[in-house]
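Q: Quick one, what's the 3D model for this:
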Amino acid sequence: MNNEEFQAKQKRETEKLVHKLIRAIDEHPEKANNYYDLGSLLTRLNDYQQAEELFMKALGIFEAKKDQTAIDLLNYGLGNLYYEVGKTDAAIKLYNKIEDPKIKADSYLMLAQSYMKKGQHKQAVAYGVTAHELRPADPAINQVLGDSLLALGEFTAAKKYYDVILQRHPGRADTQFNRGIVAMVLGEPYQDYLTQAQQLDPAYYKKSEQRLAEIEKTLQATKKK
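A: Predicted coordinates for the structure are as follows:
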């Protein structure tokens, strides 16, 4: 199968899934999950306008019913859409509305990632710690904590969260790379981490090389002083 045939097959499969989810809404309009699943799929397909319209329509239906669990789920889905398109403040407002304990850790994680995207790393750490209390082994939560602490220059604290990830998920290039940076700054052996990152995701490594060079330059200048 060549690339064109593969893409055509993927497109057909995606269209089938979209139609299946539309049919699920038609057959069970009382189930919020059906709207959430379709809205999330449309978001992944970059069909942002249709996804937003669907989430807004569904929110109107379930707000009229005062179904808070459904409202929380749909606000989470709409928040993820806004996060994806760069409307970070709008996403934060929606994540802060969520009360359902089943998705509370996810909403705290997305709040941490939203504040990190805004460059507000202290707020990111605060929400990350709250998410971590609910799901301490979650690699995404540990990653956002490690990355936020790294950005704040809290290298020893960042190291702890990266190490938790690498015990179970050594195949994450971003974790390996950032753990290598932490090791470099702390004067520990670091090359193995960077080699792993390069092997796992050469494109990510190449994109991050400039950052690495800047840190090496800063460390050399500090040693000379």
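Q: any idea which helix or strand carries the closest residue to residue 90 other than its chain neighbours?
A: Counting by Cβ to Cβ, 6 or more residues apart in numbering, residue 82 is the residue found nearest to residue 90 once chain neighbours are left out, at 4.4 Å. For every residue, glycine as well, the C-beta is placed using N, CA and C. Residue 82 belongs to helix 68-84 when assigned by DSSP states H and E.
Q: Which strands or helices does that helix pack on?
A: helix 32-44, helix 48-64, helix 88-97, helix 104-117 (3 or more Cβ pairs under 8 Å, 6 or more residues apart in numbering; DSSP states H and E).
Q: Now residue 101. Its backbone dihedrals?
A: Here is the backbone geometry of residue 101 (degrees, to the nearest 10): phi -60, psi -20.
Q: how close does it get to residue 79?
A: Distance from residue 101 to residue 79, counting by Cβ to Cβ, to the nearest Å: 17 Å.
Q: So for these two, which residue has more residues nearby?
A: residue 79 (27 against 9; other Cβ atoms under 10 Å).
Q: got a list of what that one touches?
A: Residue 79 is in contact with 90-92, 94-95, 107, 110, counting by Cβ atoms under 8 Å, 6 or more residues apart in numbering.
Q: Give me the below-cutoff pLDDT ranges for the chain.
A: The chain contains residues with pLDDT under 70 at 1-9, 222-225.
Q: make it 90
A: 1-19, 21, 26, 209-225 (pLDDT under 90).
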